[in-house]
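Participant: dropping a prediction and its sequence here:
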Amino acid sequence: MAALYLKAGRKDLNWIAQCLARFLGRPPTRPIFSTTEPSKGRLLYIPTRTFCMAEDSENSKRNKINYQFQNKIEHIGRKIPHQHVHLIDENCEDMGIMHRADVLRIMDERGLRLVPLREKAEPPVYRLMSGRQIYEERLKLKEKQKAGSKSGPPKMNELRISTNIAQHDLDTKIRQIQKWIDNKHIVRITVQQRKDSDGSEKMVAILDNILASMPGKATYQSEPRVAEEGRCRCVLRPMSEKEIQEYEKKQKTKDNQQDNEKKQKNKEDQLDEKKRLADSDSLKQ
């Protein structure tokens with residue numbers, strides 16, 4: 001009986017030993033550290049995760065870094081106010097979280113400048129850029145801000161003219177209309193008939209002359225329309241970029257055609273002159 005108890009006790013001890021061996025044999029989980037050659041002795045902690053859920057994936061998409069500048073583009077030189085930064089290189093590649101000493105080393109090696117992208121993020125996001133990239137991004141940002149300031153419905157201006165207006169006064173009115181058109185405004189013009197003998201043709205002619213004074217800039221949004229009460233109205237608007245390109249193309253074709261016609265006429269005149277001289281010489285002989 002004692003032998004049986006001793007044998008059972010040994011089995012229990014073996015089972016306990018196996019469980020302890022399995023537990024103690026697992027490698028402990030350790031945080032991952034990253035070091036670079038010039039920063040040995042200074043460890044950078046990078047938290048890692050063994051797995052992620054669908055919700056975490058969606059959050060990472062929402063927190064994706066926006067590489068576009070919002071307000072201004074200014075490089076900070078070598079004075080990096082943060083110990084660790086999230087670095088984006090000049091090709092918009094994510095280089096991860098780095099110590100500022102490593103960032104300075106990369107700046108010196110590549111001849112780049114450091115520009116803050118999202119300083120309020122944790123950690124703050126900075127981007128490496130060349131001088132040319134900074135210049136080009138500033139131009140893009142300036143154009144974007146300029147386009148944003150002009151967004152919204154165009155302003156409407158109104159002007160009244162009488163058919164007996166003097167030429168000097170008409171020229172002044174035309175200059176004012178040109179300023180409005182240059183500022184991308186819409187202009188509503190009303191011509192008032194003062195004499196019954198003028199007729200509607202004169203009112204339409206005045207409006208056509210105003211439009212003709214701004215070639216390649218303005219066009220009719222609403223063509224001249226004569227009202228019963230002796231008025232003629234129209235609306236001018238600035239040309240779009242596409243309309244300006246089409247106008248310039250047609251104008252170039254027209255100019256080339258006129259040049260060809262002029263050259264052809266000169267050739268014909270030269271031939272006529274030669275023929276006249278030949279006839280004159282034959283008469284003399």
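Facilitator: Good, I have the coordinates.

Participant: what is the neighbour count of the nearest residue to residue 233 once chain neighbours are set aside?
Facilitator: Nearest residue to residue 233, sequence neighbours excluded (Cβ to Cβ, 6 or more residues apart in numbering): residue 190, at 5.0 Å. Backbone N, C-alpha and C define where each C-beta goes, glycine included. Neighbour count of residue 190, defined by other Cβ atoms under 10 Å: 16.

Participant: and residue 243, by the same measure?
Facilitator: Neighbour tally, residue 243, other Cβ under 10 Å: 15.

Participant: wait, it touches residue 219, no?
Facilitator: Yes. At 6.6 Å, residue 243 counts as touching residue 219 under the criterion of Cβ atoms under 8 Å.

Participant: hang on, the earlier thing: now the residue nearest to residue 233: how far from residue 168?
Facilitator: 20 Å (Cβ to Cβ, to the nearest Å).

Participant: so residue 202, which state does it fall into?
Facilitator: Following DSSP: H, G, I helix; E, B strand; the rest coil, residue 202 is assigned to helix.

Participant: do you know how far it is from residue 174?
Facilitator: For residue 202, the distance to residue 174 equals 16 Å [Cβ to Cβ].

Participant: follow-up on the earlier one: for the residue nearest to residue 233, what are its contacts?
Facilitator: 158-161, 231-233 (Cβ atoms under 8 Å, 6 or more residues apart in numbering).

Participant: can you check residue 80 too?
Facilitator: Per Cβ under 8 Å, 6+ apart, neighbours of residue 80: 100, 103-104, 114, 126.

Participant: endpoint to endpoint, stretch 232-250 covers what distance?
Facilitator: 30 Å (Cα to Cα, to the nearest Å).

Participant: ok, and what's touching it?
Facilitator: Outside stretch 232-250, the residues that reach it (Cβ under 8 Å, 6+ apart) are 154, 177, 181-182, 184-191, 193, 200, 203-204, 207, 210-211, 214-227.

Participant: out of those, which are buried?
Facilitator: 177, 181, 185-187, 189-191, 193, 200, 203-204, 207, 210-211, 214, 217-219, 224, 226 (16 or more other Cβ atoms under 10 Å).

Participant: out of the residues you listed, name the ones that lie in helices.
Facilitator: Members of the buried ones among the contacts of stretch 232-250 lying in helices (criterion: DSSP state H): 177, 181, 200, 203-204, 207, 210-211.

Participant: stretch 162-173 spans what distance, first to last residue?
Facilitator: Per Cα to Cα, stretch 162-173 runs 11 Å from first to last residue.

Participant: next one: stretch 88-99
Facilitator: End residues of stretch 88-99 are separated by 13 Å (Cα to Cα).

Participant: in that stretch, what counts as buried?
Facilitator: 88, 95, 98-99.

Participant: I figured residue 130 hits residue 114, correct?
Facilitator: No. Counting by Cβ under 8 Å, residue 130 sits too far from residue 114 to count as a contact (11.5 Å).

Participant: more neighbours: which of these two?
Facilitator: A direct count of neighbours by other Cβ under 10 Å for residue 130 and residue 114 places residue 114 higher, at 22 against 13.

Participant: residue 173 and residue 162 touch, don't they?
Facilitator: No. At 10.7 Å, residue 173 and residue 162 do not qualify as touching, with contact defined as Cβ under 8 Å.

Participant: gap between the residue nearest to residue 233 and residue 167?
Facilitator: 19 Å.

Participant: same thing with residue 247?
Facilitator: Residue 247 is 27 Å from residue 167, by Cβ to Cβ.

Participant: more neighbours: which of these two?
Facilitator: Neighbours were counted for residue 247 and for residue 167 using other Cβ under 10 Å; residue 247 has more, 15 against 7.

Participant: what about the longest helix in the chain?
Facilitator: Per DSSP H, the chain has its longest helix at helix 241-284.

Participant: doesn't residue 233 fall inside a helix?
Facilitator: No. Assessed with three-state DSSP, residue 233 is strand; it does not lie in a helix.
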